[in-house]
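Participant: Let's see this in three dimensions:
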Amino acid sequence: MIEKNIETFIGCDSDYKDASIVLFGAPFDSTTSFRPGARFGSSAIRHESFGLETYSPYQDKDLTDFATFDCGDLELPFGRPEPVLQAIESHAAEILSDGKLPLLIGGEHLVTLGAVRAVLKNYPELHIIHFDAHTDLREDYLGEKLSHAAVIRRCHDLIGDGRIHQFCIRSGDRPEFEFAKAHTDLHKFNFDGLLELTESLQKANTPVYFTLDLDCLDPSAFPGTGTPEAGGVSFSELLKAIFAVAKTNVVGADVNELAPMLDQSGASTAVACKVVRELLLALHK
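Facilitator: Residues are numbered from 1 along each chain as shown. Okay, here's the model as predicted:
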């Protein structure tokens, strides 16, 4: 039984039975390759969301107009990725079985794999849209295949060629970019090609999983992340891209890689909160 959380993301306190979107957190960062702290991202986003209004002037929508349920953070073991992924998969599967859309808040990017496993079982024709600074296509990182640096490679193991679409990518090993040329639809540096892609997916009503690594943003807008990379997109550019993706048949999504203590100003957490609010509103059709 999925129970209501005590502290919810602002405006996300509907009853579970009424909700069309279910928010849950995965506080895990045990495979982080540089600066840890993303395990605190989901709770910080939830707590600091009360610095926002429920109304979005970008979309002229209000979170109180829709039913969203926030069931809080999962209790996850540290140090062993597979049990964590199994817990996320099980939770997402329960949400999907009740006809609702799971929106996962990380945590490091590896948590995406658990949700994708669950969504793929319901939607075998799934495509993935991936916003990130990094390719995340390593075969392994220091011998570990279950790593945030290899999460999209593990997703490719599940769904194969031509169904992973990557944007804003500006960092990775040469073999990762070579792998992408042969196996994924990778767009360097920005969102060029996104509108054409989303229009095509929308027309075909293709099921889409949307994974958003917040380090796609430039560090000047979002320094509070474990692996910041210069040359990223602006907040306004990201919002427009989110709205484009949300027009497709999104059946699962996540936002990840906020490490709140790495930006003591709180600005990065504030950015993450607004991203989550805008994504929630965009997904509510």
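Participant: Low-confidence regions, this structure specifically.
Facilitator: Where the chain drops to pLDDT under 70, the residues are 1-5.
Participant: all helices in it, in order from the N-terminus.
Facilitator: 41-48, 81-97, 111-122, 151-159, 174-183, 194-204, 235-246, 267-283 (DSSP state H).
Participant: Just the buried residues of the third one, please?
Facilitator: What that stands for is helix 111-122. 111-120 (16 or more other C-beta atoms under 10 Å). Placement of C-beta: from N, CA and C, glycine included.
Participant: show me what contacts residue 151?
Facilitator: By C-beta atoms under 8 Å, 6 or more residues apart in numbering, the contact list for residue 151 reads 109-110, 112-113, 136.
Participant: Ok, residue 103 next?
Facilitator: Per C-beta under 8 Å, 6+ apart, neighbours of residue 103: 21-24, 252-255, 276, 279-280, 283.
Participant: Mind doing that once more with 7 Å?
Facilitator: The contact partners of residue 103, by C-beta atoms under 7 Å, 6 or more residues apart in numbering, come to 21-23, 253, 280.
Participant: need these in TSV with distance to residue 42, can you?
Facilitator: Converted to TSV, those look like this (distance: C-beta to C-beta, whole Å):
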residue	distance to residue 42
21	15
22	14
23	9
253	14
280	14
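Participant: possible to save those as JSON lines with neighbour count?
Facilitator: Shown next, in JSON lines, are the contacts of residue 103 (neighbours: other C-beta atoms under 10 Å):
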{"residue": "21", "neighbour count": "21"}
{"residue": "22", "neighbour count": "24"}
{"residue": "23", "neighbour count": "26"}
{"residue": "253", "neighbour count": "27"}
{"residue": "280", "neighbour count": "27"}
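Participant: what's the closest of the contacts of residue 151 to residue 264?
Facilitator: Comparing the contacts of residue 151 against residue 264 with C-beta to C-beta places residue 109 closest, at 23.0 Å.
Participant: Give me the phi and psi for that closest one.
Facilitator: When quoted as degrees, to the nearest 10, the phi and psi of residue 109 stand at phi -70, psi -20.
Participant: Show the contacting residues for the nearest residue to it once chain neighbours are set aside.
Facilitator: Nearest residue to residue 109, sequence neighbours excluded (C-beta to C-beta, 6 or more residues apart in numbering): residue 148, at 4.2 Å. Counting by C-beta under 7 Å, 6+ apart, residue 148 touches 31-33, 108-110.
Participant: okay, now the closest residue to residue 247 other than its chain neighbours: neighbour count?
Facilitator: In space, residue 247 comes closest to residue 202 once its chain neighbours are excluded; the distance is 5.4 Å by C-beta to C-beta, 6+ apart. By other C-beta atoms under 10 Å, the residues close to residue 202 number 15.
Participant: Could you verify my assumption that residue 202 touches residue 245?
Facilitator: No: using C-beta atoms under 7 Å, residue 202 is not in contact with residue 245, being 9.8 Å away.
Participant: ok, back up a step: and of the contacts of residue 103, the nearest to residue 96?
Facilitator: Ranked by distance to residue 96 (C-beta to C-beta), the contacts of residue 103 are led by residue 22 at 9.4 Å.
Participant: Next step: the contacts of residue 148 restricted to strands.
Facilitator: Nothing among the contacts of residue 148 maps onto strands, per DSSP state E.
Participant: Those residues, buried ones only, as a PyMOL selection?
Facilitator: To isolate the buried subset of the contacts of residue 148 in PyMOL, counting by 16+ other C-beta under 10 Å, use the following:
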select buried, resi 31+32+33+108+109+110
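Participant: Kindly state the beta-bridge partners for the nearest residue to residue 19 once chain neighbours are set aside.
Facilitator: Counting by C-beta to C-beta, 6+ apart, residue 19 lies nearest to residue 69, which is 3.7 Å off, once chain neighbours are set aside. On the basis of DSSP bridges, residue 69 takes part in beta bridges with residue 13, residue 22.
Participant: Fine by me, we can end here.
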